[in-house]
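*Asks:* Quick one: sequence and predicted model below, then my questions.
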Amino acid sequence: MKPVLALLVCCLVAVSGQGPDPSICDPNPTNPGPPLPELPPTFQVRVEANIVEKNYTVVQHEFYDYPNNRGALMSYGNGTRRHEVYDYGTLEKFTIFDNGTCKTSNMSTSRFNFFSYHMEHGHAHINKAGFILHFGADFNETYNGTATIRGIPVNHWYSCMHNATWNSTYKLDFYFSVPGYRTASGQDQIPVRAEIRGKRLTFDPQTRGPSDTYKSIHHIYDFQGFHSRTGHRDLSWAYQTEGLVCPGRVNTKPVPTTPQQFYAEVEMVNEKNHTVHYMTEYFDYNAKLFRIDFHPTSNKSKSWSFGTVQHQAVHDYNSGLEYLMSYNPENCSIRPISNFSLEAAIDSNDHTKVHMKTSYKLFHFDDKDFTYEGVSRVRDIMTDVWVSREVNYDLPADSKYSTDFLYQWYFSADNWTTTTSQTMNQSQVPVRLRMKGSWKKNDASTQKESEFVFNMFNYDSGPQYLYRFDISMCFKEPGMKEAVFFQLPGVYNNLVQGDKYRFYYGVQYAVAEAAGVHPLRVTSVWHIPTNGSLWVGATLLAHPDVKGDSVEMKPQKPLDAAFKDFKKRVDANTMVIKFTPNPSRGQEVYLTALPGTLETNKDFFTFISQRNQPSNTYQPGTVAGIALGTVLLGGVIGAGVGWFLWRYRLQDVPYGTQT
């Protein structure tokens with residue numbers, strides 16, 4: 001099916017060689033008539049083309065955008081549809097077929113492209129509308145008075161063209177609405193009809209040139225709904241191949257850089273099952289920590305979950321362990337990190353272990369096939385779109401599963417910014433991921449189709465503080481934790497009291513460093529000012545008697561050894577807290593624990609309360625919204641989310657089982 005006006009344009013050539021057939025038209029203008037209408041730099045129009053000599057009709061919706069150097073066609077004929085996108089910035093034409101496939105063509109080597117182009121300063125640019133339609137002063141238009149077309153009063157111009165090689169003569173009639181006629185678009189003097197009549201020599205396949213036989217040409221093009229208005233409706237969809245991979249396409253924009261710490265609230269829409277689920281994710285690659293809050297989505301989850309209640313999973317790659325918790329009722333299960341976890345990948349050197357993915361890999365951006373598609377509006381946010389087809393992505397080598405998915409990422413455009421309570425003016429923020437494709441459990445199973453949409457909200461690339469990854473609920477037994485209390489010089493009472501959560505952050509890391517454990521094993525930080533010194537407390541957690549499975553694992557001290565090392569540091573006057581207050585309150589200071597002040601009295605709070613002093617405690621998980629001065633947002637998204645729900649929901653392997 002040829003493009004509609006392609007049939008017109010391919011017939012029109014400049015006058016040359018022998019004169020035209022006078023029985024068809026006279027190329028010498030005799031009546032210039034009123035000023036010629038000017039075609040706008042942008043427009044869209046529907047064209048019905050009646051190819052009289054071949055006895056068929058086609059319809060085409062045309063989009064023309066000279067300022068942005070692009071064009072698009074939606075063609076309908078003989079019961080089929082074809083969408084063509086012309087990008088003159090890269091000289092690529094993308095043809096989208098009814099079966100959802102896309103073909104990339106280079107216009108510099110193609111026989112024909114609908115809108116045509118010229119070169120400006122070494123770069124291709126779409127031609128002006130008058131040149132494309134062969135209408136204007138350059139074509140010796142002759143005025144032929146007024147007429148009525150489809151009941152519309154019109155001005156009539158015609159031009160005469162001839163080509164000596166094919167000895168062709170054509171008369172092209174153009175009809176524009178008369179000035180003042182009220183059109184549907186409100187625009188004046190719009191094209192209503194074009195008609196071309198003439199003859200040419202036919203093609204001789206033997207000589208690859210003209211034959212001795214003539215054929216007649218008669219085409220009628222009716223223009224409907226012509227308008228050049230912009231801004232009232234987003235037409236970016238017409239110039240895109242959204243949701244399709246076009247092999248061979250030039251990638252004009254790299255995928256965004258992804259931070260190593262972030263957070264997001266995610267809405268997952270399963271379009272096949274008509275279900276919606278929500279989750280919250282936290283990701284900190286530098287600390288090798290990950291957390292996801294979710295509700296199990298399948299009855300198959302009974303083997304590894306605590307039922308349909310809200311779950312929280314913390315993955316600590318420093319120990320290779322997962323802490324799966326529920327708070328109502330309280331439950332905790334500790335096990336190795338599963339290779340089915342969305343942020344985990346099987347280690348290439350040791351297939352019995354996992355490692356934590358970088359954020360770049362979590363977004364699947366390690367797949368080099370992602371290509372930029374253009375812009376699209378999502379939730380009223382203008383976004384940049386990248387697409388990739390991924391076959392058997394990130395499956396273990398011995399997996400029987402097979403997958404074939406299209407991944408489509410939407411990030412807020414460069415000139416858009418987002419602000420959360422923690423991070424100001426973020427740009428290129430993930431807004432949506434769309435996944436569509438098929439999968440099979442094994443070669444003998446039936447192929448199933450899946451389609452997910454993941455909407456990201458409150459995305460924040462700010463730091464992820466340790467209180468977000470609190471695991472203290474898993475250490476309720478007396479022998480699994482050790483409370484420690486020590487004193488600091490009281491000169492810093494006021495500074496600490498005014499910025500206590502930043503201070504707690506410093507305490508957590510200082511205690512962990514002194515004890516030789518990961519800061520995740522330091523929890524429940526508190527402080528209390530007295531008339532003299534400043535009392536500070538924290539709780540050391542034991543290392544569970546479960547063997548981890550990550551390559552990032554570090555040696556883990558038993559609780560008694562960690563306590564002894566901590567006590568040595570306090571007594572040696574080398575347990576130093578680095579405290580970085582808010583810059584508006586002062587500079588960074590170093591506070592050293594007073595030797596000989598370490599206490600482990602389990603009734604220490606009673607001791608404090610007897611002195612009628614106010615108690616300030618920091619229990620991670622209970623200060624959400626105020627820790628470090630604000631609610632902290634930051635976390636994991638998208639492709640990972642897809643794997644999380646796809647793997648956890650659809651596979652029979654119990655969560656936490658290591659392959």
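*Replies:* Nice, thanks for sending it over. Residues are numbered from 1 along each chain as shown.
*Asks:* How much space separates the nearest residue to residue 229 once chain neighbours are set aside from residue 225?
*Replies:* Closest residue to residue 229 apart from its sequence neighbours, by Cβ to Cβ, 6 or more residues apart in numbering: residue 185 at 6.7 Å. Where you see a C-beta, it was placed from the backbone N, CA and C, and this is true even at glycine. Noted for residue 185: a distance of 7 Å to residue 225, by Cβ to Cβ, to the nearest Å.
*Asks:* now do residue 198
*Replies:* In terms of Cβ to Cβ, residue 198 sits 28 Å off from residue 225.
*Asks:* Which one's more surrounded, these two?
*Replies:* residue 198 (24 against 13; other Cβ atoms under 10 Å).
*Asks:* Now do the same for that one: helix, strand or coil?
*Replies:* Following DSSP: H, G, I helix; E, B strand; the rest coil, we place residue 198 in the strand state.
*Asks:* pLDDT wise, what is it at?
*Replies:* In this model, residue 198 is scored at 94, pLDDT.
*Asks:* Dig out what it forms beta bridges with.
*Replies:* residue 170, residue 217 (DSSP bridges).
*Asks:* Would you confirm that it contacts residue 163?
*Replies:* No: Residue 198 is beyond contact range of residue 163, at 10.2 Å (criterion: Cβ atoms under 8 Å).
*Asks:* would you list every one of the helices in this protein?
*Replies:* 4-9, 129-133, 359-362, 493-497, 500-515, 559-571, 604-609, 638-650 (DSSP state H).
*Asks:* and those, which one is worst for confidence?
*Replies:* Among these, helix 638-650 scores lowest, with a mean of 42.
*Asks:* Contact partners for the residue nearest to residue 229?
*Replies:* 225-229 (Cβ atoms under 8 Å, 6 or more residues apart in numbering).
*Asks:* Need phi/psi at it.
*Replies:* phi -80, psi -10 (degrees, to the nearest 10).
*Asks:* Residue ranges in this structure under the pLDDT threshold?
*Replies:* Counting by pLDDT under 70, the low-confidence segments of the chain come to 1-18, 29, 111, 230-234, 298-303, 396, 585-586, 601-659.
*Asks:* just checking, residue 409 touches residue 386?
*Replies:* Yes: in this structure, residue 409 is within contact of residue 386 by Cβ under 8 Å, at 4.8 Å.
*Asks:* joint contacts of those two?
*Replies:* With Cβ under 8 Å, 6+ apart, residue 409 and residue 386 have common neighbours 255, 370.
*Asks:* nearest spatial neighbour of residue 66, skipping sequence neighbours?
*Replies:* residue 41 (4.1 Å).
*Asks:* Pop out the phi and psi values for the one you found.
*Replies:* phi -70, psi -20.
*Asks:* show me what contacts it?
*Replies:* So residue 41 contacts 65-67, 128-129, 228 (Cβ under 8 Å, 6+ apart).
*Asks:* ok, now how distant is it from residue 61?
*Replies:* Residue 41 is 18 Å from residue 61, by Cβ to Cβ.
*Asks:* State the distance from residue 534 to residue 76.
*Replies:* Counting by Cβ to Cβ, the gap from residue 534 to residue 76 is 78 Å.
*Asks:* out of the two, which sits in the busier spot?
*Replies:* residue 534 (22 against 17).
*Asks:* ok, for that one, nearest residue in space, not its chain neighbours?
*Replies:* Per Cβ to Cβ, 6+ apart, closest to residue 534 is residue 488, 4.4 Å.
*Asks:* for the one you found, what are its contacts?
*Replies:* The contact partners of residue 488, by Cβ under 8 Å, 6+ apart, come to 533-534, 536, 577, 591-594.
*Asks:* Distance of residue 540 relative to residue 113?
*Replies:* Residue 540 is 71 Å from residue 113, by Cβ to Cβ.
*Asks:* Which residue of these two possesses the greater neighbour count?
*Replies:* Applying other Cβ under 10 Å to residue 540 and residue 113 shows that residue 540 carries more neighbours, namely 25 against 21.
*Asks:* check contacts around the residue nearest to the more buried one when sequence neighbours are not counted.
*Replies:* Nearest residue to residue 540 in three dimensions, chain neighbours excluded: residue 482, at 4.6 Å (Cβ to Cβ, 6+ apart). If a contact means Cβ under 8 Å, 6+ apart, then residue 482 has 539-540, 559, 563, 600 as its contacts.
*Asks:* go again using 10 Å as the cut-off
*Replies:* Going by Cβ atoms under 10 Å, 6 or more residues apart in numbering, residue 482 touches 515, 538-542, 559-560, 562-563, 566, 600, 602.
*Asks:* What's the ChimeraX line that selects buried ones from those?
*Replies:* Typed into ChimeraX, the line below selects the buried ones among the contacts of residue 482, using 16 or more other Cβ atoms under 10 Å:
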select :515,538,539,540,541,542,559,562,563,566
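*Asks:* quick one: buried residues of stretch 358-375?
*Replies:* Going by 16+ other Cβ under 10 Å, stretch 358-375 has these buried residues: 358-365, 367, 370-375.
*Asks:* Now intersect the residues you listed with the strands, please.
*Replies:* 371-375 (DSSP state E).
*Asks:* Can you tell me which of these lies closest to residue 284?
*Replies:* Closest approach to residue 284 among those (Cβ to Cβ): residue 372, at 28.9 Å.
*Asks:* How much space separates that closest one from residue 384?
*Replies:* Taking Cβ to Cβ, one finds residue 372 at 7 Å from residue 384.
*Asks:* what sits in contact with each of the two?
*Replies:* Joint contacts of residue 372 and residue 384 (Cβ under 10 Å, 6+ apart) are 253, 255.
*Asks:* Identify the residues contacting the residue nearest to residue 135 when sequence neighbours are not counted.
*Replies:* Excluding its sequence neighbours, the residue lying closest to residue 135 (Cβ to Cβ, 6+ apart) is residue 174, at 5.2 Å. Neighbouring residues of residue 174 by Cβ under 10 Å, 6+ apart: 36-37, 133-136, 139, 141, 144, 154-159, 191-196, 221, 223.
*Asks:* I'd assumed residue 158 was in contact with residue 147.
*Replies:* No: using Cβ atoms under 10 Å, residue 147 is not in contact with residue 158; the gap is 11.3 Å.
*Asks:* Give the residue from those two that has the larger number of neighbours.
*Replies:* Taking other Cβ under 10 Å, residue 147 and residue 158 do not tie; residue 158 has more neighbours (21 against 15).
*Asks:* What count of nearby residues applies to the nearest residue to the more buried one once chain neighbours are set aside?
*Replies:* In space, and not counting its chain neighbours, residue 158 is closest to residue 173: 4.6 Å by Cβ to Cβ, 6+ apart. A count of nearby residues for residue 173, using other Cβ under 10 Å, gives 17.
*Asks:* Report the contact partners of residue 173.
*Replies:* Counting by Cβ under 10 Å, 6+ apart, residue 173 has contacts 25, 144, 147, 156-159, 193-197, 220.
*Asks:* likewise residue 102?
*Replies:* Residue 102 neighbours (Cβ under 10 Å, 6+ apart): 83, 85, 94-96, 241, 243-249, 387.
*Asks:* The nearest residue to it once chain neighbours are set aside: what's it in contact with?
*Replies:* Excluding the flanking residues, the one nearest residue 102 by Cβ to Cβ, 6+ apart is residue 246, at 3.9 Å. The contact partners of residue 246, by Cβ under 10 Å, 6+ apart, come to 85, 92-96, 101-105, 371, 373, 387.
*Asks:* TSV for those, including distance to residue 253?
*Replies:* Listed next are those as TSV, based on distance: Cβ to Cβ, whole Å:
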residue	distance to residue 253
85	16
92	14
93	19
94	16
95	22
96	20
101	23
102	18
103	21
104	16
105	21
371	9
373	9
387	12
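*Asks:* who wins for most neighbours among the residues you listed?
*Replies:* Result: residue 373 is most packed of these (other Cβ under 10 Å), 25 neighbours.
*Asks:* Much appreciated, bye for now.
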